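K.L.:
I would like to see how this sequence folds:
(one chain, ligands or ions: 2)
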Amino acid sequence: MQGLEIHLAARPVGKPQPGDFDIVSVAVAEPGPGQVLVRNHVMSVDPYMRGRMNDAKSYAPPYEIGEPLHGGAVGEVVSTTVDSLRPGDFVLHELGWREYAIVDASQAVPVDPSLAPLSAYLGVLGMPGLTAYVGLLDIGSFRPNDTVFVSAAAGAVGSVVGQVARLRGAKRVIGSAGSDDKVRYLLDELRFDAAFNYRTAPVVEQLAAAAPDGIDLYFDNVGGHHLEAAIESLTLHGRVTVCGMISQYNAAEPPAAPRNLMKVVGKRLTIRGMLVRDHYDRRAEFLREVGAWVRSGELRYAETVVEGLRNAPTAFTDMLGGANTGKMLVSLV
Ligand code: NAP
Ligand code: FER
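P.N.:
Ligands and ions are numbered 1, 2, ... in the order given. As a prediction, this is how the structure comes out:
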């Protein structure tokens, strides 16, 4: 039996191009001792993958040229050499970007398709949802009555940040996004108090108008002018969770902003970075609270699903450009 996988052909310069990826047909192997063969049903494309395509030392090692890419995926166990996993079981694992994966059973987390759709384990109830939950509550020290601003607010992480803030009793939740449709989605579906399209006018002006009394907490997914604007609007002792800076992931030049970091001093701001890998001890609590809101419909989520492994590189590049509302996913069956 043959299966397709996506290899890194070349390190992208700027925005990834189709030639940076190879689509390769390989023979599907049998699982060795302690392994399972998984047929992937759905895989994730995530912003951090852009960083791993560069040959730069970072918190995660670079992808290798000529090797398959990897990342979160959910699939069905086809054959197994272990007693703990049976054919037909569904598992979450880290060998996406391929139709079939040989996964060490120790690296395969069983998921229950009757509790939530398989895709949810890669988004709202998965790594991005946990990032939002921990980043808001623990890293950002969210308190009821805070005014919260989140960028990339219509995305996988941002949409959970804004809704958890609302459900936990924020005074005001403000989001920014890159299209008028996304702004409408934030206001009408996710019930943000205010939202704006950062492409239509300077962020600093739109944020000041949306938050006349300032913001207490900024959840940064974007960096650059968004961070600069947030520093302007933050109140005394305000807090920033630095989750990501996607405006820089394809950039070849250092960012032009923020230029106002000295205001961190006078305002006594706290700016704290985070990596979700440090916080899996919070997963059970996260699933309890956010899972209940998802089941009750109080917390909504969207997915943008691209079909077929061949389209995964385009899905990835389009996600970096803002084509997704909610989590960007690739379905493989
Ligand atoms: P996402 O928000 O679902 O998708 C990325 C979005 O970023 C796009 O849809 C686009 O939406 C926006 N974007 C792209 N370029 C932009 C720019 N120049 N300015 C403003 N917005 C831009 O992705 P996600 O998975 O939820 O990730 C969101 C952020 O969280 C990223 O920075 C990611 O690296 C970070 N993250 C960090 C951790 C951690 O552990 N630290 C874990 C997960 C994610 P628009 O249409 O609104 O532009
Ligand atoms: C991202 C997704 C995940 C990201 C970072 C992570 C900064 C971190 C994962 C980890 O904890 O290793 O988009 O961007």
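K.L.:
grab the nearest non-local neighbour of the residue of the stretch 201-333 of the chain found nearest ligand 1.
P.N.:
Here the stretch 201-333 of the chain gets closest to ligand 1 at one residue, G244, 2.0 Å apart by Cβ to the nearest ligand atom. Every C-beta, even on glycine, is put in place using the N, C-alpha and C of the backbone. For G244, the nearest residue in space outside its immediate sequence neighbours is N221; the separation is 5.1 Å by Cβ to Cβ, 6 or more residues apart in numbering.
K.L.:
name the SS class of the closest residue to G123 other than its chain neighbours, please.
P.N.:
Ranked by Cβ to Cβ, 6+ apart and with sequence neighbours excluded, the top spatial neighbour of G123 is K327, at 3.3 Å. Local secondary structure at K327 is given as strand here, using DSSP: H, G, I helix; E, B strand; the rest coil.
K.L.:
helices along the stretch 151-300 of the chain, start to end?
P.N.:
All helices of the stretch 151-300 of the chain, identified by DSSP state H, counting those that start in this stretch, fall at 156-167, 180-188, 203-210, 224-233, 263-266, 283-296.
K.L.:
need these in JSON lines (columns: mean pLDDT, distance to V82 and mean neighbour count).
P.N.:
Compiled in JSON lines, the helices of the stretch 151-300 of the chain are given as follows (pLDDT from 0 to 100; distance: least, Cβ to Cβ, whole Å; neighbours: other Cβ atoms under 10 Å):
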{"stretch": "helix 156-167", "mean pLDDT": "99", "distance to V82": "31", "mean neighbour count": "27"}
{"stretch": "helix 180-188", "mean pLDDT": "99", "distance to V82": "43", "mean neighbour count": "18"}
{"stretch": "helix 203-210", "mean pLDDT": "99", "distance to V82": "51", "mean neighbour count": "18"}
{"stretch": "helix 224-233", "mean pLDDT": "98", "distance to V82": "46", "mean neighbour count": "23"}
{"stretch": "helix 263-266", "mean pLDDT": "98", "distance to V82": "51", "mean neighbour count": "12"}
{"stretch": "helix 283-296", "mean pLDDT": "97", "distance to V82": "23", "mean neighbour count": "15"}
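K.L.:
show me what from the stretch 51-200 of the chain comes close to ligand 1.
P.N.:
When proximity is defined by Cβ under 6 Å from any ligand atom, the stretch 51-200 of the chain lies next to ligand 1 at 128, 131, 152, 154-158, 177-179, 182.
K.L.:
state the pair within the residues you listed that is farthest apart.
P.N.:
Farthest-apart pair in those is T131 and S179; separation 22.7 Å (Cβ to Cβ).
K.L.:
more crowded one of the two?
P.N.:
For T131 versus S179, neighbours defined as other Cβ atoms under 10 Å are more numerous around T131 (26 against 16).
K.L.:
what's the pLDDT at the closest residue to the more buried one other than its chain neighbours?
P.N.:
Leaving out its chain neighbours, the residue that sits closest to T131 by Cβ to Cβ, 6+ apart is V276, at 4.3 Å. Reading off the confidence values, V276 has pLDDT 98.
K.L.:
my guess is V276 contacts G126. True?
P.N.:
No: no contact is recorded between V276 and G126 when judged using Cβ atoms under 8 Å, the distance being 9.9 Å.
K.L.:
please, where are all the strands along the stretch 101-250 of the chain?
P.N.:
Remark: strands of the stretch 101-250 of the chain, listed N- to C-terminal, are 109-111, 147-150, 172-177, 194-197, 215-220, 234-242; assignment by DSSP state E, counting those that start in this stretch.
K.L.:
which neighbouring elements make contact with the second one?
P.N.:
Pointing back at strand 147-150 there. Identification of packing neighbours for strand 147-150 by 3 or more Cβ pairs under 8 Å, 6 or more residues apart in numbering; DSSP states H and E yields helix 156-167, strand 172-177, strand 215-220.
K.L.:
which residue is nearest the middle of the chain?
P.N.:
In the chain, the C-alpha closest to the average C-alpha coordinate belongs to P128, at a distance of 4.3 Å (Cα atoms, centre = their mean).
K.L.:
residues contacting T270?
P.N.:
Residues near T270 by Cβ atoms under 8 Å, 6 or more residues apart in numbering: 141, 237-240.
K.L.:
in JSON lines: the residues you listed, plus pLDDT.
P.N.:
Shown next, in JSON lines, are those (pLDDT from 0 to 100):
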{"residue": "S141", "pLDDT": "98"}
{"residue": "H237", "pLDDT": "98"}
{"residue": "G238", "pLDDT": "98"}
{"residue": "R239", "pLDDT": "99"}
{"residue": "V240", "pLDDT": "99"}
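K.L.:
with neighbour count added, can I get these in JSON lines?
P.N.:
Formatted as JSON lines, the entries for the contacts of T270 read as follows, by neighbours: other Cβ atoms under 10 Å:
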{"residue": "S141", "neighbour count": "14"}
{"residue": "H237", "neighbour count": "10"}
{"residue": "G238", "neighbour count": "24"}
{"residue": "R239", "neighbour count": "22"}
{"residue": "V240", "neighbour count": "23"}
